[in-house]
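Undergrad: Generate coordinates for the sequence data below:
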Amino acid sequence: MDINDFSMRKSRYGESLIVAILKQNESIIAVARLYRKHGMSSAQFYKWRSKYGSTDASMMKRLKELEDENRRLKKIYAEECLKAGIQQEALEEKL
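TA: Predicted coordinates:
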């Protein structure tokens with residue numbers, strides 16, 4: 001079993017689509033109309049706006065890179081903790 005087996009479900013909305021939807025809202029399109037057009041909830045829209053509200057394409061790319069690096073580092077940390085736990089158990093068995 002791999003640590004990636006427990007990853008979260010991917011959204012059907014990519015970051016570029018989210019930014020496009022938020023830009024549509026900035027161009028005087030009613031929020032309720034965006035909900036119906038894209039099949040989303042108001043809570044989802046406002047969550048996106050708080051996370052991606054002032055980002056552009058280059059910032060989105062950098063955010064994605066940082067999230068990937070964070071995911072990789074968390075995986076390395078989990079593996080090292082597992083190794084340390086195994087070593088600790090081996091030391092306790094020797095005593």
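
Undergrad: if I look at the residue nearest to the spatial centre of the chain, how far off is residue 49?
TA: Centroid check for the chain by C-alpha atoms, centre = their mean gives residue 67 as the closest residue, at 6.6 Å. Counting by C-beta to C-beta, to the nearest Å, the separation of residue 67 from residue 49 is 18 Å. Any C-beta I mention is one placed from the backbone N, CA and C, and that applies to glycine too.

Undergrad: Ok, residue 33 next?
TA: Distance, residue 33 to residue 49, by C-beta to C-beta: 15 Å.

Undergrad: Tell me the gap between the host helix or strand of residue 59 and the middle of its chain.
TA: For residue 59, the host element (DSSP states H and E) is helix 57-94. Chain-centre distance of helix 57-94: 16 Å, with C-alpha atoms, centre = their mean, to the nearest Å.

Undergrad: Please apply the same query to stretch 15-33.
TA: On the basis of C-alpha atoms, centre = their mean, stretch 15-33 sits 20 Å off its chain's mean C-alpha point.

Undergrad: For the chain, give me the ranges with low pLDDT.
TA: 1-11, 26-28, 54-57 (pLDDT under 70).

Undergrad: I'd like the domain boundaries of this structure, if you could list them.
TA: 11-55, 65-95 (automatic domain parsing).

Undergrad: What residues sit buried inside the shortest one?
TA: Neighbour-count burial for domain 65-95, counted by 16 or more other C-beta atoms under 10 Å, picks out no residue.

Undergrad: Any idea how many residues pack against residue 45?
TA: Applying other C-beta atoms under 10 Å, we find 19 residues neighbouring residue 45.

Undergrad: hang on, it packs against residue 35?
TA: Yes: the criterion here is C-beta atoms under 8 Å, and residue 45 meets it with residue 35 at 6.7 Å.

Undergrad: Looking only at neighbour counts, state which of residue 33 and residue 49 leads.
TA: When residue 33 and residue 49 are compared for neighbours, residue 49 comes out ahead with 15 against 11, by other C-beta under 10 Å.
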